[in-house]
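Chemist: take a look and give me a structure for this.
(chains A and B)
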Amino acid sequence: MKNQELAQIFADIAELLEIKGENPFKVRAYQKVVPVLQSLTESIEEIYQRGELTSIPGIGKGIAEKIEEYLTSGKLKYYQELKESVPKGVVSLVTIPEVGPKTAIALYNKLGITSIDELEKAAREHKIRGLPGMGEKTEENILRGIELVRRRGTRMMLGNALPLAKEIVETLQKLKDVDRISLAGSLRRMKETVGDIDILVTSHNSTRVMEVFTHLPLVRQILAAGDTKSSVILEQGIQVDLRVVEPECFGAALHYFTGSKDHNIRIRELAVKKGLKVNEYGIFRTRDDKRIGGAEEVEVFQMVDLPYIPPELRENTGEVEVAQKGNLPCLLELSMIKGDLHVHTKWSDGLHTLEEMVEEAKKMGYRFLAVTDHSQSLKVARGVSLENLNKHLDEIARLNTQYRPFCILTGAEVDIRSDGTLDYPDEILARLDVIIGAIHTNFKQDEAVMTERIITAMKNKYVNIIAHPTGRLLSGRDPYQVNIEKILKAAAETETFLEINAYPERLDLRDVHVRRGKDLGVKITLGTDAHNKMQLHYMNFGVATARRGWMEKKDVLNTGEVEEILSLLWHKRQN
DNA sequence: GCCGTTTTCGGCCCGACTGTTTTCAGTCG
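Modeler: From the prediction side, this is the model:
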């Protein structure tokens, strides 16, 4: 699949054209095609071979020719020439807040600046304030921007940001001055990482709300404190923006601040065609500027003849077109989850006993729990030896009697060895209900070997599930080199379920792969990988990833009753 | 560069804020 490569190339082209001061609408045309390519569920090669490139929205004659050139020759002359025409390093300047394409090229033309370090030096030596349109403040802002980029670095994981955001919302909600309140931004869309936390409020006393907000104990620094917008930095290093709007604007503002930007643009384009104007203050008739709605978010969609689109889908990756046809998925919900299919206990490296885990699961309203401790050779995680496995199974049998009708499924997270064989013999696997295959060692194999390793494991008829299929960690470990397309296809063919690991640092499979998997007929399981009982509550992050991957109840194994689940899992064993 | 029950040419999402300016360009979300 060259889809992602081409998406990156067109994103680069857009940036380069912008720096060169090209027609902004041409720039926009390249920008627009990026998410289209990223979210294509079919490989671009296949579409090209059918001669249907220009039937894809956003791809016309010009871009189709460039795609053809790249697919047939592996190169794109236009892109090469464009890169050569812009000095290396200038592109990096636009990563600094306050520095856009115009400023970047001016800094290069007038001062020869081609890196962030050179920019910092020039600012410190007060060489920037002499340039046209730039003064003392600009210089200060650039220095602050550089500092921010260096300090902030990365985005915050959803699993860390959401609890912080909820705490702030709960505090503000208690104020009698706060009427309605909601999270917005990428956090509301439940993206796996977020750049900041956006909160929206309606209030008749915004001064008071802002006062409380900017003086929350978690606040380290106040960036701005106005009547309609305040921004702070928390001790944890993340920025929080609070906006106060009038009640009649709440829905329009919520839609606006939830984004994504590309989704919003798409909606506004539709509005324009209907003679309407949508902004954060409401929905207006263009001809007389008369307000015709905006208090509720759903009105924004109704105005352009769409059904309500859940925030997790709002990425402009086809959700608007699918909504127009009335084919939006009926997304999975947390309440549909009847149990967890990946948990650890004291039998391997978990913190709590099996009994403690079961008690917590019962409290959560679950009907079952699959206990999947690590296998024998994973010594770092105190993998369960064959000898201990029997005792382990005895304990499960005893507890199953005690807790009936709650059901503890026997299982194991079995290591997939470097050659694709498993860390327990087949006769042991045959005795367990749920076998999760997973890679925990030898991550550095090349793509072909790693892909074959996982596919070999999937071909074992006892392997029901592949856990965290790409091995990535959001805190900083790249996925292993693996051909995800081949893995998805093999999963569908071998009746192997792929896991969405709900552990906030993993969220693996990730959203885009889940969605691709759905098109290929891959079935999904959700597992928290809980190593203590509180981590069972990570399930909502798994559900969020499933929703962002367009998953419905029927696509997810955990929504079934135990009998159904076992019959689906074991179907493979009968062949 | 894309696109079309207003159009194959002339449009292309919208507004706030900032800093530098005497009316606006650039950046951001």
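Chemist: how many neighbours does A:D289 have?
Modeler: 8 (other CB atoms under 10 Å). All C-beta atoms are positioned from the backbone trio N, CA, C, and that covers glycine.
Chemist: correction: A:R155
Modeler: 16.
Chemist: read off the pLDDT value for it.
Modeler: pLDDT for A:R155: 78.
Chemist: repeat for A:V414
Modeler: pLDDT at A:V414 comes out at 93.
Chemist: give me the distance between the closest residue to it other than its chain neighbours and A:H344.
Modeler: Among residues not flanking A:V414 along the chain, A:S375 sits closest, at 4.4 Å (CB to CB, 6 or more residues apart in numbering). In this view, A:S375 and A:H344 are 12 Å apart by CB to CB, to the nearest Å.
Chemist: likewise for A:V219?
Modeler: For A:V219, the distance to A:H344 - CB to CB - is 37 Å.
Chemist: again, but for A:G437
Modeler: Applying CB to CB to A:G437 and A:H344 gives a distance of 16 Å.
Chemist: in terms of neighbours, single out the busier of those two.
Modeler: Neighbour totals were compared for A:G437 and A:H344, and A:G437 leads with 29 against 25 (other CB under 10 Å).
Chemist: sec struct for that one, please.
Modeler: Under the three-state scheme (DSSP: H, G, I helix; E, B strand; the rest coil), A:G437 adopts strand.
Chemist: quick one, helices of the stretch 401-550 of chain A?
Modeler: Secondary structure of the stretch 401-550 of chain A (DSSP state H, counting those that start in this stretch): helices at A:426-429, A:447-459, A:484-494, A:511-519, A:539-548.
Chemist: and the stretch 251-400 of chain A, which of its residues are near DNA strand B?
Modeler: When proximity is defined by CB under 7 Å from any atom of the strand, the stretch 251-400 of chain A lies next to DNA strand B at A:257, A:261, A:264-265, A:268-269, A:271-273, A:275, A:277-281.
Chemist: swap that for the stretch 101-250 of chain A, sorry
Modeler: Within the stretch 101-250 of chain A, the residues that sit near DNA strand B (CB under 7 Å from any atom of the strand) are A:101-104, A:129, A:132-139, A:141, A:224, A:226, A:228-229.
Chemist: picking that back up, list the residues that contact both of A:S375 and A:H344?
Modeler: A:E413 (CB atoms under 8 Å, 6 or more residues apart in numbering).
Chemist: which element is the most far-flung residue of chain A relative to its centre on?
Modeler: For chain A, the residue at maximal distance from the C-alpha centroid (CA atoms, centre = their mean) is A:G130, at 43.1 Å. Of the helices and strands defined by DSSP states H and E, none includes A:G130.
Chemist: pLDDT at it, what is it?
Modeler: A:G130 is given a pLDDT of 81.
Chemist: for the one 4 residues further on, same thing?
Modeler: At A:M134, the model reports a pLDDT of 85.
Chemist: so which bits of stretch A:253-264 are buried?
Modeler: A:A253, A:L254, A:H255, A:Y256, A:F257, A:T258, A:G259, A:S260, A:D262, A:H263, A:N264 (16 or more other CB atoms under 10 Å).
Chemist: show me what contacts the nearest residue to A:A430 once chain neighbours are set aside?
Modeler: Leaving out its chain neighbours, the residue that sits closest to A:A430 by CB to CB, 6+ apart is A:Y462, at 6.2 Å. Counting by CB under 8 Å, 6+ apart, A:Y462 makes contact with A:L422, A:D426, A:L429, A:A430, A:I435, A:R573.
Chemist: how about a cut-off of 7 Å?
Modeler: A:Y462 sits next to A:D426, A:L429, A:A430, A:I435, A:R573 when contact means CB atoms under 7 Å, 6 or more residues apart in numbering.
Chemist: so where's the stretch 251-400 of chain A shaky on pLDDT?
Modeler: The model of the stretch 251-400 of chain A has pLDDT under 70 over residues A:379-382.
Chemist: convert the C-alpha atoms of the one helix or strand A:K121 maps to to PDB, please.
Modeler: Assigned by DSSP H and E, A:K121 belongs to helix A:116-124. Presented in PDB, the C-alpha positions along helix A:116-124 are these (Å, rounded to 0.1, in the frame of the first residue of the first chain):
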ATOM      1  CA  ILE A 116      15.600  26.800  14.700                       C
ATOM      2  CA  ASP A 117      19.000  27.300  16.300                       C
ATOM      3  CA  GLU A 118      19.900  30.100  13.800                       C
ATOM      4  CA  LEU A 119      16.500  31.600  14.400                       C
ATOM      5  CA  GLU A 120      17.100  31.700  18.100                       C
ATOM      6  CA  LYS A 121      20.500  33.300  17.700                       C
ATOM      7  CA  ALA A 122      19.100  36.000  15.400                       C
ATOM      8  CA  ALA A 123      16.300  36.700  17.800                       C
ATOM      9  CA  ARG A 124      18.700  37.000  20.800                       C
END
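Chemist: could you list the buried residues of it?
Modeler: Using 16+ other CB under 10 Å as the test for burial, helix A:116-124 gives A:I116, A:E118, A:L119, A:E120, A:A122, A:A123.
Chemist: contacts made by the next helix or strand after that helix with the rest, please.
Modeler: Sequence order places helix A:136-152 as the next helix or strand after helix A:116-124, per DSSP H and E. With contact meaning CB under 7 Å, 6+ apart, helix A:136-152 is reached by A:95-99, A:116, A:119-120, A:123, A:126, A:128-129, A:237.
Chemist: check stretch A:40-47 too.
Modeler: Contacts for stretch A:40-47 (CB under 7 Å, 6+ apart): A:M1, A:K2, A:N3, A:L6, A:L37, A:L53, A:I56, A:I67, A:L71, A:R515, A:R516, A:D519.
Chemist: repeat that with 6 Å
Modeler: Contact partners of stretch A:40-47, identified using CB atoms under 6 Å, 6 or more residues apart in numbering, comprise A:M1, A:K2, A:N3, A:R516, A:D519.
Chemist: write the PyMOL selection for whichever of those are buried.
Modeler: Restricted to buried positions by 16+ other CB under 10 Å, the PyMOL selection for those reads:
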select buried, chain A and resi 2+3+516
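Chemist: how far away is the closest residue to A:K127 other than its chain neighbours from A:D555?
Modeler: Using CB to CB, 6+ apart and skipping the chain neighbours, the partner closest in space to A:K127 is A:L111 (6.1 Å). A:L111 sits at a distance of 55 Å from A:D555 (criterion: CB to CB).
Chemist: packing partners of the helix holding A:K121?
Modeler: If you count contacts as 3 or more CB pairs under 6 Å, 6 or more residues apart in numbering; DSSP states H and E, helix A:116-124 packs onto helix A:136-152.
Chemist: for the helix it packs on, which positions count as buried?
Modeler: Quick answer for helix A:136-152 (16+ other CB under 10 Å): A:T138, A:E139, A:N141, A:I142, A:L143, A:G145, A:I146, A:R152.
Chemist: cool, and stretch A:210-226?
Modeler: A:M210, A:F213, A:T214, A:A225.
Chemist: ok, of those, which one's closest to A:A544?
Modeler: Set against A:A544, the nearest of those by CB to CB is A:F213 (25.6 Å).
Chemist: the closest one: which element?
Modeler: With DSSP H and E as criterion, A:F213 is part of helix A:206-214.
Chemist: with only the CA atoms kept, save that helix in CSV.
Modeler: The C-alpha coordinates for helix A:206-214 follow below in CSV (Å, rounded to 0.1, in the frame of the first residue of the first chain):
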residue,chain,number,x,y,z
SER,A,206,-18.0,34.2,33.2
THR,A,207,-15.7,36.3,35.3
ARG,A,208,-16.3,34.1,38.3
VAL,A,209,-15.8,30.9,36.3
MET,A,210,-12.6,32.2,34.8
GLU,A,211,-11.4,33.2,38.3
VAL,A,212,-11.9,29.7,39.6
PHE,A,213,-10.5,28.1,36.6
THR,A,214,-7.2,30.1,36.5
